Structure formats: structure tokens, C-alpha cells
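Visitor: What shape does this take:
(one chain, ligands or ions: 2)
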Amino acid sequence: MINVEGLHKNFGDLHVLKGLDVEVQTGEVVVVIGPSGSGKSTFLRCLNLLEMPTQGRILFEGVDITSGTNDINQQRQKMGMVFQNFNLFPHLDVMGNITLAPIRLKGLSKESAEEKGMELLKRVGLEDKAHEYPSRLSGGQKQRIAIVRALAMNPDVMLFDEPTSALDPEMVGEVLDVMRLLASEGMTMVVVSHEMGFAREVGNRILFMDEGEILEENPPAQLFAQPEHPRLKDFLSKVL
Ligand code: ADP
Ligand code: MG
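Guide: Ligands and ions are numbered 1, 2, ... in the order given. You can find the predicted model right below:
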């Protein structure tokens, strides 16, 4: 589904991504781990062109989205993104948040967007919050709404950037449960996370990034049991 070839990203003199080659298959859950500042968010943001790669190609469903010749907004609609800090629209209630993009970008009627929105809210156990404003929700609820908002566009892939890092510990589980559910339904997912339990249990493949490079890439059983690169060993000794 996604093919990244020789991806480089510079911010001025700062060389943040140093030639990444990554493949993501349909239905796969790829978890990206690594120290802070290693380029994980930049990598994820390049996948949907929130950041423009300095060099390299990204093929999404066979289309080179970095070529500049296709409609990036159209491509981006197929990639749902969930951020650490939820980024809900504060002036809209939950249903307004969920239906905005389907109505504006996909031309859905308000009724059908809300019907679909309600269906998704039920799946994450938040149908009673449809007319609540974000400021009145807990962090865990906000993040589940952010996931629903992304799902409302029927994306082919979901990108998660540390979706539980801003949550109080007791709310992490409810968000991971929703992600587990998506994975079990076959959603293709790329997840940046420090939740090693989740990575081990749900990830099909783990990428270890450090200083803008992927230093190791393996199924979780192998990566956690037999880390090879010294920097991965060092990282795991700090987070496990
Ligand atoms: P991670 O998500 O692994 O913590 P990031 O991708 O956020 O790492 O950042 C990698 C490096 O790129 C850091 O040194 C960060 O300061 C830098 N960086 C990220 N975004 C920008 C930006 N928009 N402008 C300049 N530097 C940036
Ligand atoms: Mg980050």
C-alpha cells in the first residue's frame, strides 16, 4: 500500500531523515519506535505530505504522491491521521467535528454524514457524547473522537503519532482498545508509539528509528527478544 524509497528530509541545515526505505502492506500494522528527536513524527508527516520530502519517493497505492502531478488533497483523504494532542475543533461539538470533512470534502449530506458518524461513535462507546463540546470530554474520550473523525473519511490507512502520550495513564487503555479493534478488522496502520505492550501484541512489524535512520526492522517477537543493534538494545533497556 505504501512504498517509501530513499526518503530524505532536511529542515535547513538539519538532516532529519537520512534515506528511509519502508514498505507497508495492506492490512499490516507497523509500529515505529525510537528515541525522542529521531525523526518519527517527521517520517509520519512525510507519508501524507504534511511535510514535503527533500529527496526520495513515496508511492501510495501505486501512485507517486511526491511527483507533484497529482491532487495531494485527494490522496490525503485516504490517509487518516491521529495526533498526540487530539487537535479537535473546539468550536464544534463532537458530531460537528466528525461530519465536517465528509460534508465539505466528500459532499455527503448532513444526514448521511451524521448517520455514519453515529455508527462510528457507537463502535467506540461514545454515542452519548455526540452533542458534547471537546472541552467537556476527558483526554481518552477526545482521542477516541479524533480516531472516529479520521475514520469518518473511510481512509485506506490510519497514521497515529503517539496517540496515547498526552493521556493520563488510566485513559491509555481505552484508546489502545479502539486501535486494537481497528487492527483486528484489518485496517492498515502506521503507529508511532512508546507503548511497547501494544507494539508487541498488535504490531506485525516494528521499525526502530534513531537519528533519522531505520536501524532495525523485525516482527515484534524477534525485535524484542533478540535486538541486534547496540542502540536498539540501549533504547529497550530504558523503555522496557
Ligand atoms: P520524533 O518524533 O522522533 O521525536 P521529530 O520528527 O519530531 O522526532 O523531530 C526530528 C528532528 O527534526 C528534531 O531535531 C526536531 O527538532 C526537528 N524538526 C521537526 N520538525 C521541524 C520543523 N518543522 N522545523 C525544524 N526542525 C524540525
Ligand atoms: Mg514525535
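
Visitor: tell me which helix or strand of the chain sits lowest on mean pLDDT?
Guide: For the chain, using mean pLDDT, DSSP states H and E, the weakest element among its helices and strands is helix 72-76, scoring a mean of 88.

Visitor: can you list contacts of that helix?
Guide: Contact with helix 72-76 is made by 48, 49, 60, 63, 65, 105, as judged by C-beta atoms under 8 Å, 6 or more residues apart in numbering. Backbone N, C-alpha and C define where each C-beta goes, glycine included.

Visitor: now those: which count as buried?
Guide: 48, 49, 60, 65 (16 or more other C-beta atoms under 10 Å).

Visitor: Return the distance of the spatially most distant residue from the centre of the chain relative to residue 99.
Guide: Within the chain, the residue lying farthest from the chain centre (C-alpha atoms, centre = their mean) is residue 111, at 28.1 Å. Noted for residue 111: a distance of 10 Å to residue 99, by C-beta to C-beta, to the nearest Å.

Visitor: go on, residue 218?
Guide: Using C-beta to C-beta, residue 218 is found at 41 Å from residue 99.

Visitor: and what of residue 217?
Guide: For residue 217 relative to residue 99 (C-beta to C-beta), the value is 38 Å.

Visitor: out of these two, which sits in the more crowded spot?
Guide: Per other C-beta atoms under 10 Å, whichever of residue 217 and residue 99 has more neighbours is residue 99, with 24 against 16.

Visitor: can I assume the more buried one is in contact with residue 153?
Guide: No. Shown here, residue 99 and residue 153 do not form a contact pair, counting by C-beta atoms under 8 Å, at 10.5 Å.

Visitor: so which helix or strand takes in the residue farthest from the centre of the chain?
Guide: Counting by DSSP states H and E, the element that carries residue 111 is helix 110-123.

Visitor: so what secondary structure elements neighbour that helix?
Guide: helix 94-106, helix 139-151 (3 or more C-beta pairs under 8 Å, 6 or more residues apart in numbering; DSSP states H and E).
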